[in-house]
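Q: how does the following fold in three dimensions:
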Amino acid sequence: MVQRYDVVVVGAGPAGLTAASEAARGGAKTLVLEMRAHVGGQTNPSAIVPLEMAAKLKGAEIARFGKIEIESVREKLTARAKLSLIDMAKLEKLLAAKAVENGAEIWINSPVTELLKEEKVLGVRAESGGWSEKVRSEIVIDATGAGGQWSGLFLRKFMGKEWQAERMAFTSEYLMANAEESIPRLIFTSYFAPGGHAWVYPAGKGFAFAGISGIRIHPDIALDEFLGKQAPPSLGAAIPLAAFRGQLPLQGPLAQTCGDGIMAVGGSAGHFYQLSGQGLCYALEGGKIAGKVAVEAITDGDVSQQRLSVYEREWKSEFGPDFEVGSLLHAALGVAQDRKMDELLRALKGSPAIQSAFLNVFFGSKLMVAVKKLMKKESVAQVFGRGTAAKVLALK
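A: Below is the predicted model:
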C-alpha cells in the first residue's frame with residue numbers, strides 16, 4: 001500500500017519540524033519522516049543565541065548570560081553580553097509538539113533511502129531492516145541536514161553532487177558534569193581548531209557543554225586533545241556524560257535549493273553562518289518559508305521549480321546577505337588566524353560598543369548594522385583587511 005500526503009518532510013530537526021508545522025497549519029496533509037528513534041536533527045545539544053532570539057524560543061532556555069570571555073593564543077577579553085543558552089533537545093520536542101498540534105504526522109525509525117522521481121519528485125521510499133514503504137507526495141522538503149551518510153537528500157539524490165570536502169567543518173561536543181564554569185567562553189586557536197573555535201558554556205549548577213569546531217580536525221579526538229592540553233581550570237575535575245559529533249559545510253548556501261516537487265531547508269540547503277557555524281535561526285526561518293510556499297504551490301496546482309523558486313527568493317531576501325558577510329569574514333581570518341585573533345581582541349579592548357558589535361557579528365544578530373559599525377573602526381578593519389572591510393561596507 002502506497003501512503004499519500006501533500007507534503008513529506010524528511011528530517012525532524014528544527015528546520016523540518018518548523019516546515020511541517022507551517023505546512024500543516026496551512027491545511028496540507030503533512031508527514032515528517034525521522035530516521036532515528038526520536039525527534040531531533042543532527043545538531044549539537046546546545047546553542048548560544050542572542051536574547052532577542054531566545055524570546056521566540058520560550059521553554060527551551062537553559063540560562064542567560066550578561067558576560068562572555070573570549071580568548072586567543074595571547075589575549076583574553078571579558079565583554080558584556082546579552083546571550084541565552086538553548087537546550088536543543090527540549091526545543092526540538094517543543095517544535096514537534098507544535099507540528100503535531102497543527103496536524104502533522106511524525107514517523108520515527110523511518111530513514112529515507114531514495115527519492116521517487118519521474119518528471120518531478122513524487123515522494124520518497126522509507127526503509128529499515130526488512131521494512132520498505134513508498135510515500136507519495138506533492139512536495140518533498142529535505143531537512144536531513146549535512147551531517148552524515150543519510151543527510152543531504154536534495155544535494156546527493158536530486159542534484160547528484162557532494163559538499164566541498166575542503167570546506168567541511170567538523171564538530172565535537174561533550175555534556176560535562178562536575179564543572180565549575182560560570183560564564184560562557186570562546187577560545188580561538190588554530191592548533192586545536194583551525195578555521196573554527198572551541199567553547200565552554202555553563203549549563204546549570206555543576207554542568208557545562210564543552211565543544212570544538214574546525215576544518216581538517218578529527219572529531220573523535222580533537223576535543224579530547226583540547227581538554228587534555230588546554231582545558232579551562234573550571235573543567236579540571238569534570239567528566240563527560242554524553243558525546244555529540246557533527247559536521248557542517250562552510251561553502252555557503254547551495255546555488256540551487258529547489259527543484260520540481262522538492263525544496264531543501266536548513267543544513268540541507270547549506271544554511272550555516274560561516275563565522276560561527278550558527279544555523280538555528282536560519283533553520284527556523286527557512287523552514288517557515290518553505291512550509292508556507294509548499295501550501296501556496298499545492299493550492300495553485302503548480303509544484304514546479306519555477307513556482308517553488310519563491311522559496312529561494314524569500315530566504316535570499318531574508319538572510320542571504322548574512323552568508324555573504326560570513327564568507328568574507330571567515331576567509332579573512334583563515335590566514336594567520338592566531339595573529340589576527342590576537343590583534344582583534346586588542347582592538348576590542350576598552351570599547352564596550354565595539355565589543356557588542358563584534359559579538360553581534362559573531363553570533364549573527366542584527367548583522368548588517370553590527371558588521372558595518374565594526375568595520376568602521378580602523379584597527380578592526382586592518383585585522384580583516386581593508387579590501388574585506390570595503391566589500392562588507394558595500395553590502396546592502
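Q: the stretch 201-350 of the chain: strands as residue ranges?
A: 207-215, 239-249, 258-259, 262-264 (DSSP state E, counting those that start in this stretch).
Q: could I get those strands as TSV with distance to residue 52 and mean neighbour count?
A: In this view, the C-beta of every residue, glycine as well, is placed from N, C-alpha and C. Formatted as TSV, the strands of the stretch 201-350 of the chain follow (distance: least, Cβ to Cβ, whole Å; neighbours: other Cβ atoms under 10 Å):
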stretch	distance to residue 52	mean neighbour count
strand 207-215	22	24
strand 239-249	24	17
strand 258-259	29	25
strand 262-264	27	32
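Q: lowest mean pLDDT across those, which one is that?
A: Sorting the strands of the stretch 201-350 of the chain by mean pLDDT places strand 239-249 lowest, at a mean of 91.
Q: and that strand, what does it pack onto?
A: Counting contacts by 3 or more Cβ pairs under 8 Å, 6 or more residues apart in numbering; DSSP states H and E, strand 239-249 is packed against strand 168-177.
Q: give the buried residues for the strand it packs on.
A: Burial within strand 168-177, assessed by neighbour count using 16 or more other Cβ atoms under 10 Å, is assigned to 168, 169, 170, 171, 172, 173, 174, 175, 176.
Q: on contacts alone, who are the packing partners of the longest helix along the chain?
A: Counting by DSSP state H, the longest helix found in the chain is helix 305-333. When contacts are defined as 3+ Cβ pairs under 8 Å, 6+ apart, helix 305-333 packs onto strand 258-259, strand 262-264, helix 280-300, helix 337-348, helix 367-375, helix 378-384, helix 386-394.
Q: now with 6 Å, please.
A: Using 3 or more Cβ pairs under 6 Å, 6 or more residues apart in numbering; DSSP states H and E, the elements in contact with helix 305-333 are strand 258-259, helix 280-300, helix 367-375, helix 386-394.
Q: any chance of TSV for these, columns distance to residue 341?
A: What follows is those, written out as TSV (distance: least, Cβ to Cβ, whole Å):
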stretch	distance to residue 341
strand 258-259	38
helix 280-300	24
helix 367-375	14
helix 386-394	15
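Q: for those, which one sits closest to residue 92?
A: Checking the helices and strands packed on helix 305-333 against residue 92 by Cβ to Cβ gives helix 280-300 as the closest, at 10.5 Å.
Q: in the closest one, what's buried?
A: Going by neighbour count (16+ other Cβ under 10 Å), the buried part of helix 280-300 is 280-295, 297-298.
Q: cool, stretch 360-377 as well?
A: By neighbour count, with 16+ other Cβ under 10 Å as the criterion, the buried positions of stretch 360-377 are 360-365, 367, 370-375, 377.
Q: and for stretch 94-112?
A: Using 16+ other Cβ under 10 Å as the test for burial, stretch 94-112 gives 94-96, 98-100, 102-107, 110-112.
Q: below-threshold pLDDT in the chain: ranges please.
A: Screening the chain residue by residue with the criterion pLDDT under 70, one finds the ranges 1, 41-43.
Q: domain ranges for it, per the record?
A: Segmentation of the chain into domains, based on automatic domain parsing, reads 3-42+89-162+251-326, 166-249, 335-394.
Q: pull the contacting residues for residue 187.
A: Residues in contact with residue 187, defined by Cβ atoms under 6 Å, 6 or more residues apart in numbering, are 71, 198.
Q: and the strands in the stretch 1-150 of the chain, which stretches?
A: Secondary structure of the stretch 1-150 of the chain (DSSP E, counting those that start in this stretch): strands located at 3-10, 30-33, 46-50, 61-71, 76-87, 105-107, 112-117, 121-128, 131-142.
Q: with just CA atoms, put stretch 111-119 into CSV.
A: Presented in CSV, the C-alpha positions along stretch 111-119 are these (Å, rounded to 0.1, in the frame of the first residue of the first chain):
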residue,chain,number,x,y,z
PRO,A,111,15.1,6.5,7.3
VAL,A,112,14.6,7.7,3.7
THR,A,113,16.8,5.8,1.2
GLU,A,114,15.7,7.3,-2.1
LEU,A,115,13.5,9.8,-3.9
LEU,A,116,10.7,8.7,-6.1
LYS,A,117,11.1,10.6,-9.4
GLU,A,118,9.7,10.7,-12.9
GLU,A,119,9.4,14.1,-14.5
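Q: out of the buried residues of stretch 360-377, which is nearest to residue 338?
A: Comparing those against residue 338 with Cβ to Cβ places residue 362 closest, at 16.9 Å.
Q: that closest one falls within a helix, correct?
A: Yes: read with DSSP: H, G, I helix; E, B strand; the rest coil, residue 362 is one of the residues of a helix.
Q: mind checking how far it is from residue 184?
A: According to Cβ to Cβ, to the nearest Å, residue 362 stands 12 Å off from residue 184.
Q: give me the buried positions along stretch 57-72.
A: By neighbour count, with 16+ other Cβ under 10 Å as the criterion, the buried positions of stretch 57-72 are 57, 60, 61, 62, 63, 65, 68, 69, 70, 71, 72.
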